[in-house]
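> 3D model of this:
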Amino acid sequence: MNPIPRRDDLPSELFERSSWVCWTHEKQGSRLAKPPLDPKTGLKADVSNPATWSTFDAAVACAVAEGYGVGFVFTEDDNFVGIDIDNCREPDNGLIESWAREILDYFDTYVETSPSGTGLHLIVRGVLNPNFKHVTSINNGKIEIYDKNHYFTVSGHKLKDSPLTIAHDQAALDTLLERYMPPKVAVTALDTSDKLDLPQTTDEDLLAKARKASNGSKFTRLWNGDMSDYANDQHRADLALCELLAYWSWLNADQIDRLFRQSKLYRPKWERVDYRISTITDAIAMAEPGITKVLANRKELPQANQPGRKPRNRKPRKPREPRNRSKSKG
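Residues are numbered from 1 along each chain as shown. All right, here's what the predicted structure looks like:
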């Protein structure tokens with residue numbers, strides 16, 4: 001049964017925001033995912049679309065009624081940062097790995113155990129340095145740090161001796177990044193959307209457009225993990241999906257990465273920085289000519305030039321012979 005947090009178990013600052021969702025377990029290929037759900041409808045929530053979130057009380061009511069869990073979305077307009085430490089705790093006896101304990105020692109802030117009991121969630125106030133990666137592996141565990149476009153599953157199982165408040169500690173956050181997180185690989189292509197001031201679109205709108213396009217069936221197959229169009233070659237399928245995401249996201253590398261992780265093509269190899277960066281870079285390079293045409297014409301790209309389709313060379317029609325209306329009916 002998924003844990004349901006109580007108000008008394010959580011920092012009061014979190015209740016001031018309508019950034020709450022539900023979640024449930026969902027089988028995605030070989031892994032068990034926890035997609036966020038809109039408490040108002042029970043449908044998939046979008047971590048970039050506040051219309052699919054709700055209040056804490058509404059999320060709890062939905063979770064109790066449907067057997068879901070409760071989650072909190074981190075956004076650009078709050079200063080909350082979530083630190084997710086995976087596979088660092090024994091759920092039976094509560095023992096915490098020494099490397100994870102070192103991280104806890106940096107912060108005097110709210111800490112809870114993950115719903116599975118094998119991980120820890122910290123919430124602090126601060127700003128993430130964009131020059132560092134925010135995901136890394138350590139020993140047999142993993143550290144992920146988010147400040148927007150992600151959500152935390154919330155258990156309310158506060159770690160003993162941690163405060164029921166959220167600390168503002170920028171120095172500790174910077175130290176954590178510098179010690180544990182690798183610097184970002186400098187790849188100019190990944191900054192294209194910012195440098196060209198390209199339009200932005202929400203995850204929800206992007207997926208809707210991609211599915212409705214003339215090559216939408218191809219996108220849907222890839223999104224659902226079907227690699228049959230690429231002879232079940234995983235890398236070719238990864239690159240093809242990323243190219244489509246690059247096109248519809250206006251070359252937004254962060255959005256490509258975020259959405260790819262939600263697809264059923266996602267697998268542990270994606271966490272390899274070199275593979276992820278090279279795949280996204282190649283996808284952006286493949287999609288960029290089409291986007292360049294959009295910028296030049298300032299109109300939607302014609303269907304024939306969408307990624308994954310070859311332009312059709314139409315032959316001019318021959319003029320039709322006039323019908324002879326003078327024939328008798330015999």
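
> use CA for all of it now, contacts and neighbours both
Will do.

> Would you map the strands across this structure?
When secondary structure is read from DSSP state E, the chain shows strands at 20-23, 26-28, 31-33, 36-37, 69-74, 80-86, 110-113, 120-125, 135-138, 141-146, 150-154.

> mind giving me CSV with those and columns for mean pLDDT and mean neighbour count?
What follows is the strands of the chain, written out as CSV (pLDDT from 0 to 100; neighbours: other C-alpha atoms under 10 Å):
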stretch, mean pLDDT, mean neighbour count
strand 20-23, 97, 32
strand 26-28, 79, 12
strand 31-33, 78, 13
strand 36-37, 94, 28
strand 69-74, 97, 26
strand 80-86, 97, 22
strand 110-113, 98, 24
strand 120-125, 98, 23
strand 135-138, 83, 16
strand 141-146, 91, 19
strand 150-154, 94, 22
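
> Could you export those as CSV, including distance to residue 175?
Output for those, formatted as CSV (distance: least, C-alpha to C-alpha, whole Å):
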stretch, distance to residue 175
strand 20-23, 29
strand 26-28, 35
strand 31-33, 31
strand 36-37, 31
strand 69-74, 21
strand 80-86, 13
strand 110-113, 18
strand 120-125, 14
strand 135-138, 15
strand 141-146, 13
strand 150-154, 22
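
> What are the neighbouring residues in contact with the nearest residue to residue 223 once chain neighbours are set aside?
Closest residue in space to residue 223, ignoring its immediate chain neighbours: residue 263 at 5.0 Å, by C-alpha to C-alpha, 6 or more residues apart in numbering. Counting by C-alpha atoms under 8 Å, 6 or more residues apart in numbering, residue 263 touches 223-225.

> Please report phi then psi for residue 263.
For residue 263, the backbone dihedrals (degrees, to the nearest 10) come out as phi -80, psi 170.

> Next: the one 3 residues further on.
Taking degrees, to the nearest 10, you get phi -60, psi 140 for the backbone angles of residue 266.

> so what's it closest to, chain neighbours aside?
Spatial nearest neighbour of residue 266, chain neighbours left out: residue 260 (6.4 Å); criterion: C-alpha to C-alpha, 6+ apart.

> Please report the separation between the first and final residues of stretch 11-22.
18 Å (C-alpha to C-alpha, to the nearest Å).

> for it, the distance to its chain's centre please.
Its chain's average C-alpha position is 20 Å from that of stretch 11-22, according to C-alpha atoms, centre = their mean, to the nearest Å.

> Residue 15 and residue 54 touch, don't they?
No: counting by C-alpha atoms under 8 Å, residue 15 sits too far from residue 54 to count as a contact (10.6 Å).

> more neighbours, these two?
Set residue 15 next to residue 54 and count neighbours by other C-alpha atoms under 10 Å: residue 54 wins out with 20 against 15.

> so how far is residue 22 from the more buried one?
9 Å.

> pLDDT weak spots in this structure?
Scanning the chain for pLDDT under 70 picks out 28-30, 184-198, 298-330.

> quick check: domain ranges of it?
As assigned by automatic domain parsing, the chain contains the domains 7-180, 188-305.

> Next, format those as CSV and append distance to residue 1.
CSV is the format used below for these (distance: least, C-alpha to C-alpha, whole Å):
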stretch, distance to residue 1
domain 7-180, 7
domain 188-305, 24
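
> one step back: hmm, which of the contacts of residue 263 are the buried ones?
For these, a burial check counting by 16 or more other C-alpha atoms under 10 Å picks out 223, 225.

> Just give me the closest of the contacts of residue 263 to residue 297.
Residue 297 lies nearest to residue 223 out of the contacts of residue 263, by C-alpha to C-alpha, at 29.6 Å.

> can you pull the contacts of that closest one?
If a contact means C-alpha under 8 Å, 6+ apart, then residue 223 has 241, 263-265 as its contacts.

> With residue 153 instead?
Taking C-alpha under 8 Å, 6+ apart, we find residue 153 in contact with 23, 69-72, 114-115.

> Same question for residue 97.
The neighbours of residue 97, taking C-alpha under 8 Å, 6+ apart as the test, are 88-89.

> Also residue 23?
Per C-alpha under 8 Å, 6+ apart, neighbours of residue 23: 34-37, 68-71, 153.

> What separation is there between it and residue 45?
Distance, residue 23 to residue 45, by C-alpha to C-alpha: 9 Å.

> can you list residues touching both of these two?
With C-alpha under 8 Å, 6+ apart, residue 23 and residue 45 have common neighbours 35-37.

> Can you tell me the centre-most residue of this protein?
Centre of the chain computed as the mean C-alpha position; nearest residue by C-alpha atoms, centre = their mean is residue 258, 2.9 Å away.
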